[in-house]
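Student: the sequence and its predicted three-dimensional model are supplied below.
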Amino acid sequence: MKKAISLLPLILSASALYSAEAIWKYSGENYNWSNMNNWWTTTGMTQHPTSISAAGDVVVTIGQAISPSDNDVVLTEDASLVELRFGNDSTIDLGGFTLTQDAYGRSNRNRFLGQQGWTGNGKTAVISNGKIVSEDSQGTLSKFVTYLGDGAFTLKIGDGTKTTTFETNGSQQVYGGTKESAQAVFVLENGATMSATENIEFGSSNASFNMSANIKGIINSTGSFVAYADAHLDLQSGASITASGVNLQGTSNILGSITTSVGQVKITDDSIISGTINSGNVIRFDNGNMQVTSSASLSGKSMVIYNGATVTLQTQIDMDGIFLYGNDSTLILDAVDVRFAPGARNIQLRDSGGSNNHNTVEVRRSNMLVGFAFTNSNQTLDIVFDGTPEVARALLELVDLVSSEGNPLSGDNIINFKNFSNNTVLIQNKFDNSLLEYIRFNGEQVDADDINWLLAENGWYYLNLIPEPAEWAAIFGALALFVAMRRKRA
């Protein structure tokens, strides 16, 4: 059973700033803080000889005892220290009080929560039922770290039942684990809140660690929120992240909500989005494969698909534009009419400076668009049909093939309809035959005489070919056979 002890003697004083003190909470006679039999020095694991009430730079390690029950601590008053470490399975019940990490301007003591590496993997520490604060009363430091060690250590903020807050006056970075081997875990439990007056970061900018962040509570960052490439993010249903901007560089599974005030939401690696994203700017997808499921809700100024990313939309979105930026990016329309922002239903291709930008829009469900907008003459667009239209609709319905918001087709621009068949494309305004120079049907260029504008019941026109595209292969095959026979006879 946990026994309450007072951490009051850990309160730091500026006058003792440079009097370093390191202690271990070890199994002893009892849990009475004043009983020095419970505390040990780091030198030779000898029993601490004197009172520690005047210590100025205290590093406390909890959890050297073999029995986890000996590693439980309960606060009975507010307490303050410089660094807190865990050496084994441990729990700290804050008892409704505040545990403050005051760095006192010491750059080599700016780590609050840490895990001792010699205890091995599979250990868990829990801090709950009160407030944790990271700050520097001297105003020197503005960034604090939570180091999870190089093993499979788990740190939980909150226990899922009691209210727990983790506040940082500055920036907070959480990292740990070993790349390609041991994964460290950070858990923000239900009922827990993590906040910072500047930035919150998971992982490291050089991607040299390996951690997973399981967020069940609430994250509020006045600055940005970043999960680097070495940090996997699970944002659970009911959980939320609010920041000025959000940058997810590792894999992620988003069931909760993400909200930015002014900055973009940038998602770089493979991700599944089933929750809510409300961006104060754009939502940008880079590189990976992103699935936006039917339960997701996305809103922002626009969606940018960049640097070879593949985005599958299985829901409607509320944005002013969709941009395919750069080369080898793919948008898969796997929901009916994914765009529902009034008057803004075109898909724009943006140049990233390359000599040829080749992108793809795959249409699986019926979608109505204003058209496609090209911003440069070196852009190629494959429109791939792979689905069945809704009743009385075409798979792709366009006001204009090329939207007036972009530039006219020119130079090396190509629109290639792949897996095309008649009654697949419905257009309100028939395009001029001069555009056929830039249009391909299943890779083949056709003449004006091959186009059959078939009037639909709603007054729009089906873009059809004469003969049926399915017949082209037979025709080309027969022609090839005829040429071969003539050559043989000759």
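Tutor: Yep, that arrived.

Student: all helices for the protein, in order.
Tutor: Counting by DSSP state H, one finds helices in the chain at the ranges 469-489.

Student: where does it have low pLDDT?
Tutor: Low-confidence segments of the chain (pLDDT under 70): 1-71, 106-121, 340-345, 352-356, 468-490.

Student: just list whatever residues bridge to the most centrally placed residue in it.
Tutor: In the chain, the residue lying closest to the centroid (C-alpha atoms, centre = their mean) is L248, at 3.3 Å. On the basis of DSSP bridges, L248 is bridged to A227, I267.

Student: got the contact list for it?
Tutor: Neighbour list for L248: V226, A227, L233, V265, K266, I267, T268, D269, S271 [criterion: C-beta atoms under 8 Å, 6 or more residues apart in numbering]. C-betas here are computed from N, CA, C, even on glycine.

Student: ok, and the closest non-adjacent residue to D400?
Tutor: The shortest distance from D400 to any non-neighbouring residue, by C-beta to C-beta, 6 or more residues apart in numbering, is to G371 (4.2 Å).

Student: number of residues surrounding the one you found?
Tutor: With neighbours defined by other C-beta atoms under 10 Å, the count for G371 comes to 21.

Student: gap between it and T76?
Tutor: Using C-beta to C-beta, to the nearest Å, one obtains 69 Å as the distance from G371 to T76.

Student: Q291 against T310, yeah?
Tutor: No: counting by C-beta atoms under 8 Å, T310 is not a contact partner of Q291; they are 9.1 Å apart.

Student: ok, V265 - contacts?
Tutor: G245, V246, L248, I258, I277, S279, N281, V282, I283, R284, G300.

Student: would you turn those into JSON lines with distance to S208?
Tutor: Shown next, in JSON lines, are those (distance: C-beta to C-beta, whole Å):
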{"residue": "G245", "distance to S208": "24"}
{"residue": "V246", "distance to S208": "22"}
{"residue": "L248", "distance to S208": "18"}
{"residue": "I258", "distance to S208": "26"}
{"residue": "I277", "distance to S208": "29"}
{"residue": "S279", "distance to S208": "29"}
{"residue": "N281", "distance to S208": "30"}
{"residue": "V282", "distance to S208": "29"}
{"residue": "I283", "distance to S208": "28"}
{"residue": "R284", "distance to S208": "25"}
{"residue": "G300", "distance to S208": "32"}
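
Student: just the ones in strands from the residues you listed, please.
Tutor: Of the contacts of V265, the ones assigned to strands by DSSP state E are G245, V246, L248, I258, I277, I283, R284.

Student: most surrounded residue in those?
Tutor: Counting by other C-beta under 10 Å, top hit in the ones in strands among the contacts of V265: I283 with 29 neighbours.

Student: need the contact list for that residue.
Tutor: Q264, V265, I267, I277, L298, G300, S302, M303, V304, M319.

Student: for those, which one is nearest A196?
Tutor: Of all these, V265 has the smallest distance to A196: 18.1 Å, by C-beta to C-beta.

Student: G130: neighbour count?
Tutor: Residues near G130, counting by other C-beta under 10 Å: 19.

Student: swap in I466?
Tutor: 11.

Student: pretty sure it contacts I451?
Tutor: Yes: the pair I466 and I451 passes the contact test of C-beta under 8 Å, sitting 7.5 Å apart.

Student: for G406, give me its contacts.
Tutor: So G406 contacts N346, Q348, L349, F372, A373, F374, T375 (C-beta under 8 Å, 6+ apart).

Student: also N452?
Tutor: Residues in contact with N452 (C-beta under 8 Å, 6+ apart) are N422, N464, L465, I466.

Student: in strands, which of the residues you listed fall?
Tutor: Going by DSSP E, the strands hold N464, L465 from the contacts of N452.

Student: quick check: the farthest pair among the contacts of N452?
Tutor: By the measure C-beta to C-beta, N422 and I466 form the most distant pair in the contacts of N452, at 9.2 Å.

Student: and which of the contacts of I283 is nearest D432?
Tutor: The shortest approach to D432 among the contacts of I283 belongs to S302, at 29.0 Å (C-beta to C-beta).

Student: run a quick neighbour tally on that closest one.
Tutor: For S302, using other C-beta under 10 Å, the count is 19.

Student: ok, it to T293 distance?
Tutor: 20 Å.

Student: next one: G406
Tutor: As judged by C-beta to C-beta, G406 and T293 stand 30 Å apart.

Student: before we move on, back to that, out of the contacts of N452, which is nearest to N442?
Tutor: L465 (9.6 Å).

Student: may I see the ones in strands among the contacts of V265 arranged in CSV, with distance to Q173 as well?
Tutor: Formatted as CSV, those follow (distance: C-beta to C-beta, whole Å):
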residue, distance to Q173
G245, 16
V246, 16
L248, 15
I258, 19
I277, 23
I283, 25
R284, 23
